[in-house]
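Student: Give me the fold of what follows.
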Amino acid sequence: DIATTHSSKTETASYISSTKNSMDTLGQITSYAAAQLGAQYCSHAFSVLIVRDHARIIRWDREGAIVTSAINYNTEPHLADFFHRYAQASPELHGINTSISPTSAREA
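Tutor: Numbering: from 1, shown residues only. As a prediction, the model looks like this:
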């Protein structure tokens, strides 16, 4: 759920458009993140939402999402920096739960 909470009152974040297409997109990317978090042993996941010439990086976990401000990827290096750093990050920073391992033949 992408929302902000202020003194026990939940409000939709100001960057979410209320058009039908926007709500459909929000529902779709939320369901993708929920499916990924539900099917894999991970603590969080990242996605990138691109709309025209702007992108937002979204960090999902089981509590909700953290969304960056809009990045104009044609003029700002932030999206390329994210991908560069993500490619070099540890599995834990990718969200992979490294305490999980396959069952050995003996354990099975």
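Student: in this structure, which spans are strands?
Tutor: In the chain, strands defined by DSSP state E lie at 3-6, 9-12, 45-51, 54-61, 64-67, 71-72, listed in chain order.
Student: between the ones you listed, which one is nearest to residue 104?
Tutor: Nearest of those to residue 104, taken as Cβ to Cβ: strand 45-51 at 27.5 Å. C-beta: built from backbone N, CA, C; applies to glycine.
Student: what lines up beside that closest one in the sheet?
Tutor: If you go by DSSP bridges, strand 45-51 pairs up with strand 54-61 (antiparallel).
Student: Now do the partner strand: distance to the chain's middle.
Tutor: Here strand 54-61 is found 5 Å from its chain centre; the criterion is Cα atoms, centre = their mean, to the nearest Å.
Student: same question for it, mean pLDDT?
Tutor: Mean pLDDT, computed over strand 54-61, is 96.
Student: Would you mind giving the strands of the chain as a markdown table with mean neighbour count and distance to residue 27 added?
Tutor: Output for the strands of the chain, formatted as a markdown table (neighbours: other Cβ atoms under 10 Å; distance: least, Cβ to Cβ, whole Å):
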| stretch | mean neighbour count | distance to residue 27 |
| --- | --- | --- |
| strand 3-6 | 10 | 14 |
| strand 9-12 | 10 | 13 |
| strand 45-51 | 15 | 13 |
| strand 54-61 | 17 | 14 |
| strand 64-67 | 16 | 13 |
| strand 71-72 | 16 | 23 |
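Student: So which of those strands is nearest residue 91?
Tutor: strand 45-51 (12.6 Å).
Student: where in this structure is pLDDT low?
Tutor: 1-15 (pLDDT under 70).
Student: Residue 24: neighbour count?
Tutor: The tally of other residues near residue 24 (other Cβ atoms under 10 Å) stands at 10.
Student: one step back: output the strands of the chain in CSV; the columns should cover distance to residue 105.
Tutor: As requested, those are exported to CSV (distance: least, Cβ to Cβ, whole Å):
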stretch, distance to residue 105
strand 3-6, 46
strand 9-12, 49
strand 45-51, 31
strand 54-61, 33
strand 64-67, 39
strand 71-72, 48
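Student: Cheers, nothing more for now.
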